[in-house]
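K.L.:
Model the following, please.
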Amino acid sequence: MRRSLVIACLLALSTCSLWSQQSATAANQPPSSEQVMKFFDIMHLREQMQTMLQTEQKQVNIMVGDMFSKRMPDATPEQRKQFESLMSDMANDLFKNYPIDDLLRDMVPVYQNHLSEADLAAIVDFYSSPVGKKVLKEMPAMTAEAMRISYARMQPKIEDALKKMESRVDAMANDEKKSGTDSKPADPKK
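P.N.:
Next up, the predicted model:
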């Protein structure tokens, strides 16, 4: 009887151990590509990326426009028109044909490496809830505001870095001119 009880306990313990290992394995299993893409859809990631690109385009236009105005404060209307055309072409090249769908597919392995199937399910549950939906709804506006704040803080630093770079390039060019005029190679015909 005692022997049967010990065997029953050992059997119960080994069954529990196997069950917990299987549960842990399932909890650590990476999500499928379809699950990650569903997560992207619930997060409205495609739309968020489009909004982010539009915001970035506006910020780039402002920054480059400011640089143009500082470099050419007395630009003629024709020069301004040429600049605006150049900006429009650049924006089309950078932002209009941005491969969002390809980028999303490329991002799937990143999420699979960092999140388990259970993690992703919990995240999807949250963003499917009323609070999660509110966060998603407000996220583009919060991101745009944060980018404006970031740009305002970084613009002076960027301008300072550009000035330093410009002066270093000018110094290098001057050094090159000096070394080029001081050490001209001798004329081989002489």
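K.L.:
give me every residue that touches Gln112.
P.N.:
Pro30, Pro31, Ser33, Val36 (Cβ atoms under 8 Å, 6 or more residues apart in numbering). The way it works is simple: take the backbone N, C-alpha and C, and place the C-beta from them, glycine included.
K.L.:
Buried ones among the residues you listed?
P.N.:
By neighbour count, with 16 or more other Cβ atoms under 10 Å, the contacts of Gln112 hold Pro30, Pro31, Val36 as buried.
K.L.:
Show the low-confidence segments of this protein, by residue range.
P.N.:
Where the chain drops to pLDDT under 70, the residues are 1-27, 181-190.
K.L.:
so which helix or strand takes in Gln155?
P.N.:
Assessed by DSSP states H and E, Gln155 sits inside helix 130-182.
K.L.:
now that helix: how far from the chain's centre is it?
P.N.:
Centroid separation for helix 130-182 versus its chain: 16 Å, with Cα atoms, centre = their mean, to the nearest Å.
K.L.:
The nearest residue to Ile62 once chain neighbours are set aside and Glu56: what is the separation?
P.N.:
Distances taken as Cβ to Cβ, 6 or more residues apart in numbering put Tyr151 closest to Ile62, at 7.8 Å, once the chain neighbours are dropped. Going from Tyr151 to Glu56 by Cβ to Cβ, to the nearest Å gives 10 Å.
K.L.:
Ok, Gly132 next?
P.N.:
According to Cβ to Cβ, Gly132 and Glu56 sit 25 Å apart.
K.L.:
Over to Leu104?
P.N.:
17 Å.
K.L.:
just Ser167 next, same as before
P.N.:
Distance of Ser167 to Glu56, given as Cβ to Cβ: 28 Å.
K.L.:
Between the two, which has more neighbouring residues?
P.N.:
Neighbour count, other Cβ atoms under 10 Å: between Ser167 and Glu56, Glu56 has more, with 16 against 10.
K.L.:
Kind regards, and thank you for your time.
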